[in-house]
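Engineer: pasting a predicted model and its sequence here:
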Amino acid sequence: MENKNTKFELLADTMTLFEIDGLERKMYRICALRAIPENDVLEGEIGGWVEHESNLSKHQGSWIRGEAKVCGNSMVREDAIVMDNAQVFGNSYIMGNCRVSGNAEVIDSTIGGTSSLFENTSLEDSELSGNILMYGESTVTRSRIVGKNVSIKERASIEGSQLFIEDFIVSDYATIEHTNVGKISEKAKKITVLDFAKMRFVSGEERPLSSVVISGRAILENLVLEGENIIITGQASISGLLRLYSSQITDFVSIQLKSKTLLLKASYLSGDIEIDDTNVSIIEENIKVSKMF
């Protein structure tokens, strides 16, 4: 026999039609039948909107507040909260101590740990786990992100990627697409992607990256990247296999490798430089190049 719901009730007289995800839905305000101290809810407090009783767990401290709406097959559970004008729909689960607020949207996604969505963020067909914060108008689509101290801000976007990361920032108009970085047993650490930088089809799984800054209008595409203490900025364009240690690539450097590997240690490349399979062998460790050679 199913346990009686002693946590909240649906207020039948509040039934209102809302169009969400292209469907007209009958939704109801909730009312707390007891105090829920985990989210500072008082007994008798009127909460947000649900389509079904199953949209909010009957147990623990989860809650829906303000004009927030949860519908479809979605559920808010454990000690999570959805508030303000946020919307959660499709097959989504908001768990742990997560918070979804502002005008955030969660569609067919799972959020766990202490992750939070603020402002006008959007999460679709994705999984966030750990301590991940999304701000501004940032978007995550068809991705899995497991991390600690992760910030996705401004209009940054992540799509089709799997990231196991720690101390990670992606901000401004930066984009990450179809990229796999880190692994569950060894996360990539101290990664910053800023400005209009792009990472597409980048892999850094085997030897997780550490202390990397990618900024400006740098484009990393079809790339296997290994190493630590790396700065890539300016108009740099890079593809192929690179192993970089305490090195910097900037300005208009172009590296397009198909069969060779570039290894840089304590090196600096800047200016108008083109490197491909035909000349990569003349690049040495501890090199400083500031013009085409």
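Structural biologist: Arrived safely.

Engineer: residue 51 against residue 75, yeah?
Structural biologist: No - using CB atoms under 8 Å, residue 51 is not in contact with residue 75; the gap is 11.2 Å. Where C-beta positions appear, they are placed from N, C-alpha and C, glycine not excepted.

Engineer: poorly predicted segments of the stretch 151-293 of the chain, please.
Structural biologist: 291-293 (pLDDT under 70).

Engineer: helices along that one, start to end?
Structural biologist: In the stretch 151-293 of the chain, no segments count as helices under DSSP state H, counting those that start in this stretch.

Engineer: can you give me the strands in it?
Structural biologist: 157-159, 162-170, 175-177, 180-181, 188-193, 198-204, 210-214, 219-232, 237-249, 254-265, 268-269, 274-276, 288-289 (DSSP state E, counting those that start in this stretch).

Engineer: nearest to residue 82, of those?
Structural biologist: strand 157-159 (21.6 Å; CB to CB).

Engineer: format the strands of the stretch 151-293 of the chain as a markdown table; extra columns: distance to residue 112.
Structural biologist: Output for those, formatted as a markdown table (distance: least, CB to CB, whole Å):
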| stretch | distance to residue 112 |
| --- | --- |
| strand 157-159 | 17 |
| strand 162-170 | 14 |
| strand 175-177 | 21 |
| strand 180-181 | 20 |
| strand 188-193 | 20 |
| strand 198-204 | 24 |
| strand 210-214 | 25 |
| strand 219-232 | 28 |
| strand 237-249 | 33 |
| strand 254-265 | 38 |
| strand 268-269 | 41 |
| strand 274-276 | 43 |
| strand 288-289 | 46 |
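
Engineer: which one of those lies nearest to residue 117?
Structural biologist: Nearest of the strands of the stretch 151-293 of the chain (CB to CB): strand 157-159, 13.2 Å.

Engineer: tell me what the closest one is packed against?
Structural biologist: The elements that strand 157-159 packs onto, with contact taken as 3 or more CB pairs under 8 Å, 6 or more residues apart in numbering; DSSP states H and E, are strand 139-141, strand 175-177.

Engineer: give me the sheet partners of it and which way each runs.
Structural biologist: Under the criterion DSSP bridges, strand 157-159 sits next to strand 139-141 (parallel), strand 175-177 (parallel) in its sheet.

Engineer: so residue 56 makes contact with residue 69?
Structural biologist: No - contact criterion CB under 8 Å: residue 56 and residue 69 do not qualify, at 11.5 Å.

Engineer: more neighbours, the two?
Structural biologist: Neighbours per residue, other CB atoms under 10 Å: of residue 56 and residue 69, the larger number sits with residue 56, 26 against 23.

Engineer: name the residues of stretch 221-237 that are buried.
Structural biologist: Under the neighbour-count criterion of 16 or more other CB atoms under 10 Å, stretch 221-237 has 221, 223-234, 236-237 buried.

Engineer: again but with stretch 56-71, I slipped
Structural biologist: 56, 57, 61, 62, 63, 64, 65, 68, 69, 70, 71.

Engineer: just give the nearest non-adjacent residue to the third one, would you?
Structural biologist: Nearest in space to residue 61, with sequence neighbours left out and distances taken as CB to CB, 6 or more residues apart in numbering, is residue 38 at 2.5 Å.

Engineer: can you check the last one too?
Structural biologist: Leaving aside its chain neighbours, residue 71 sits nearest to residue 51 (3.7 Å; criterion: CB to CB, 6+ apart).

Engineer: before we move on, the earlier item: can you put the buried residues of stretch 56-71 in JSON lines and add secondary structure and distance to residue 122?
Structural biologist: As requested, the buried residues of stretch 56-71 are arranged in JSON lines below (DSSP: H, G, I helix; E, B strand; the rest coil; distance: CB to CB, whole Å):
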{"residue": "56", "secondary structure": "strand", "distance to residue 122": "22"}
{"residue": "57", "secondary structure": "coil", "distance to residue 122": "24"}
{"residue": "61", "secondary structure": "coil", "distance to residue 122": "26"}
{"residue": "62", "secondary structure": "coil", "distance to residue 122": "22"}
{"residue": "63", "secondary structure": "strand", "distance to residue 122": "22"}
{"residue": "64", "secondary structure": "strand", "distance to residue 122": "19"}
{"residue": "65", "secondary structure": "coil", "distance to residue 122": "20"}
{"residue": "68", "secondary structure": "coil", "distance to residue 122": "15"}
{"residue": "69", "secondary structure": "strand", "distance to residue 122": "15"}
{"residue": "70", "secondary structure": "strand", "distance to residue 122": "16"}
{"residue": "71", "secondary structure": "coil", "distance to residue 122": "16"}
